[in-house]
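Novice: Any chance you can model this:
(2 chains)
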Amino acid sequence: MTSAAVRTAFSAHDDARVARAWSALQDVLDPEVPVLSVCDLGIVREVRPRAEGGLAVVLTPTYSGCPATEVIADSVRTALEDAGLGPISIETRFAPAWTTDWISVEAREKLRAYGIAPPAAGANAASGHSDASRGDAVPLRFVPRRISPPEPALACPRCESDDTERLSAFGSTACKALWRCRACGEPFEHFKPI
Amino acid sequence: MTTASIDVARDPSVQYLLRIGDTCLIQAQRLAEWCGHAPVLEEDIALTNIALDLVGQARAVLARAGRLEGERGGVPHDEDQLAFLRDERDFLNLTLVELPRGDFAATVLRNAALATFFKLLWQRLESSTDAELAGIAGKAVKEARYHQQHAADWLLRLGGGTDESHRRLQSAVDHLWPYMAELFDTDPVDEAAAASGLGPRWAELEAGWHAEMDPLLDEAGVARPAPRAFRSTGKRGVHSEHMGYILAEMQTLQRSYPGGVW
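Specialist: Predicted coordinates:
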């Protein structure tokens, strides 16, 4: 009789701890885009109880060489241990690869409000901006820039004009490109869709 | 005080992974030399961003290689030991990436050739029987595609730019082209990887590589030297005279201050 009851009780206790962990993680911000939480970014893939006590947290890196990865792992561990949920083990999971499609709709709005043009939704599936680093099998057509078709319109996060252009394919962090608005004259960053 | 070098397992699967990880690592080391020296600020940022992606890829692949050493009965190593405590003959990167960075045209050509190669290799490695390598490949293929687009864009601009930019690009092709053959040389390490499903023989990537590189170089208006018998042998551990200098710079801190951390 008791084994099922104990298991249920144990499981309910675990569920509560996992729920508390997810709640605490809402306050752990990305160090390079400090308007988004690690949950907003979609890099926390799983939180589960460990047999030996504490919790295991599975993180997926945004870019292979993202220098924020270790800071994020430390922040996650600290936040959960401070919430009394430790000990915490962090696991890195590469597959499935992180995609900007995992950034929530609300988070995209937070990005725009922060001054970063968010990635187009569904970037991983089909067409997107030409600075998308997609891994699909669409053949590339290389043409000199002067005769290449215009970039798909990207709205300026400040004035919402579509009269924008890409200044640099690479930006201040691995996940961003640098753009400029010709209407309001302001440069802005674009969260690259991958 | 200096730290002794480590001995690396002579297992073909480990060697297959080291060829990938070391090529990423040394290419990143060369690209990092551009930090503060690129012709324009945007390229300074681009080249170092690409280097950062490559370091991340190298780290993941070398970490896998080091654990595999243990699984195959050898002494396991972590990625830092493999990067900083191996001797020259135990590095298995392509000779192409250890050559001096040259001018911007040479860097652009090397980036285009390497990113095209890696994009094709990562695509195949996504179905590796090694689940961890397949996962790394799923991430890296997107990065390689972005690197390829960027390098190809510059390659066309240099080829169709001024007489001087065209001359420099042609000179880069003349100098670097003989080293491209090594990318597609196949040996028992490739055969073992193909047999176990770890990854493709690199020779299998040659047709796809030419299908993307040839039209690009044609459009840039540069001629390729005729094929020669010369073969570089970096991926078998026999390097050019430039390799030792890279390792001296890259390894000096860990050799001089063993186990030092930031």
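Novice: what separates the residue nearest to residue A:18 when sequence neighbours are not counted from chain B, distance-wise?
Specialist: In this structure, residue A:18 finds its nearest non-sequential neighbour in residue A:47, 5.1 Å apart by Cβ to Cβ, 6 or more residues apart in numbering or on different chains. (Glycine included, C-beta is placed from N, CA and C.) Using Cβ to the nearest Cβ, to the nearest Å, we find residue A:47 at a distance of 20 Å from chain B.
Novice: partners of residue A:47 in the sheet?
Specialist: When bridges are taken as DSSP bridges, the partners of residue A:47 come out as residue A:57.
Novice: what about it, neighbour count?
Specialist: Other residues near residue A:47 come to 21 when the count uses other Cβ atoms under 10 Å in any protein chain shown.
Novice: swap in residue B:219?
Specialist: 16.
Novice: for the helix or strand hosting it, packing partners?
Specialist: Per DSSP states H and E, residue B:219 falls inside helix B:206-220. Counting contacts by 3 or more Cβ pairs under 8 Å, 6 or more residues apart in numbering or on different chains; DSSP states H and E, helix B:206-220 is packed against helix B:104-125, helix B:131-159.
Novice: mean pLDDT for those helices: which is lowest?
Specialist: Lowest mean pLDDT within those: helix B:131-159, at a mean of 95.
Novice: Which other helices and strands does that helix contact?
Specialist: Helices and strands touching helix B:131-159, by 3+ Cβ pairs under 8 Å, 6+ apart, are helix B:41-71, helix B:104-125, helix B:163-176, helix B:206-220.
Novice: follow-up on the earlier one: columns mean neighbour count on top of the helices and strands packed on helix B:206-220, output as a markdown table?
Specialist: Below are those laid out as a markdown table (neighbours: other Cβ atoms under 10 Å in any protein chain shown):
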| stretch | mean neighbour count |
| --- | --- |
| helix B:104-125 | 24 |
| helix B:131-159 | 23 |
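Novice: With distance to residue A:77 as added columns, please give those in TSV.
Specialist: Converted to TSV, the helices and strands packed on helix B:206-220 look like this (distance: least, Cβ to Cβ, whole Å):
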stretch	distance to residue A:77
helix B:104-125	30
helix B:131-159	22
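Novice: ok but residue B:29 is inside a strand, no?
Specialist: No - Residue B:29 is assigned helix when assessed by DSSP: H, G, I helix; E, B strand; the rest coil, not a strand.
Novice: what sits against it?
Specialist: By Cβ atoms under 8 Å, 6 or more residues apart in numbering or on different chains, the contact set of residue B:29 is B:51, B:246, B:249-250.
Novice: what's the closest of these to residue A:185?
Specialist: Nearest to residue A:185, judged by Cβ to Cβ, of the contacts of residue B:29 is residue B:51 at 31.8 Å.
Novice: Just confirm that closest one contacts residue B:28, I think it does.
Specialist: Yes - between residue B:51 and residue B:28 there is a contact at 4.3 Å, judged by Cβ atoms under 8 Å.
Novice: Now the element after the helix holding residue B:219, going C-ward?
Specialist: As assigned by DSSP H and E, the chain's next helix or strand after helix B:206-220 is helix B:243-256.
Novice: helices or strands up against that next one?
Specialist: The elements that helix B:243-256 packs onto, with contact taken as 3+ Cβ pairs under 8 Å, 6+ apart, are helix B:12-32, helix B:79-84.
Novice: Next, format these as CSV and append mean pLDDT.
Specialist: Listed next are the helices and strands packed on helix B:243-256 as CSV, based on pLDDT from 0 to 100:
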stretch, mean pLDDT
helix B:12-32, 98
helix B:79-84, 96
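Novice: out of those helices, deepest packed?
Specialist: Highest mean neighbour count among the helices and strands packed on helix B:243-256 (mean count of other Cβ atoms under 10 Å in any protein chain shown): helix B:12-32, with a mean of 25.
Novice: and it with helix B:131-159, angle?
Specialist: 40 degrees (axes from the mean of the first three to the mean of the last three Cα atoms, to 10 degrees).
Novice: what angle sits between helix B:12-32 and helix B:104-125?
Specialist: Angle of helix B:12-32 versus helix B:104-125, following the same axes, to 10 degrees, is 150 degrees.
Novice: out of the helices and strands packed on helix B:131-159, deepest packed?
Specialist: Ranked by mean neighbour count, those are led by helix B:104-125 with a mean of 24 (mean count of other Cβ under 10 Å).
Novice: CA atoms of that one as PDB?
Specialist: Below are the C-alpha coordinates for helix B:104-125, written out as PDB (Å, rounded to 0.1, in the frame of the first residue of the first chain):
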ATOM      1  CA  PHE B 104      43.100  40.000 -45.800                       C
ATOM      2  CA  ALA B 105      42.600  38.300 -49.200                       C
ATOM      3  CA  ALA B 106      44.400  35.200 -48.000                       C
ATOM      4  CA  THR B 107      42.300  35.200 -44.900                       C
ATOM      5  CA  VAL B 108      39.100  35.600 -46.900                       C
ATOM      6  CA  LEU B 109      40.000  32.700 -49.200                       C
ATOM      7  CA  ARG B 110      41.000  30.400 -46.400                       C
ATOM      8  CA  ASN B 111      37.800  31.300 -44.500                       C
ATOM      9  CA  ALA B 112      35.700  30.500 -47.600                       C
ATOM     10  CA  ALA B 113      37.400  27.200 -48.300                       C
ATOM     11  CA  LEU B 114      37.300  26.100 -44.600                       C
ATOM     12  CA  ALA B 115      33.700  27.200 -43.900                       C
ATOM     13  CA  THR B 116      32.500  25.500 -47.100                       C
ATOM     14  CA  PHE B 117      34.300  22.300 -46.100                       C
ATOM     15  CA  PHE B 118      33.000  22.400 -42.500                       C
ATOM     16  CA  LYS B 119      29.500  23.100 -43.600                       C
ATOM     17  CA  LEU B 120      29.500  20.000 -45.700                       C
ATOM     18  CA  LEU B 121      31.300  18.000 -43.000                       C
ATOM     19  CA  TRP B 122      28.900  19.100 -40.200                       C
ATOM     20  CA  GLN B 123      25.900  18.300 -42.400                       C
ATOM     21  CA  ARG B 124      27.200  14.700 -42.700                       C
ATOM     22  CA  LEU B 125      28.100  14.500 -39.000                       C
END
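Novice: Which other helices and strands does it contact?
Specialist: helix B:12-32, helix B:41-71, helix B:95-98, helix B:131-159, helix B:163-176, helix B:206-220.
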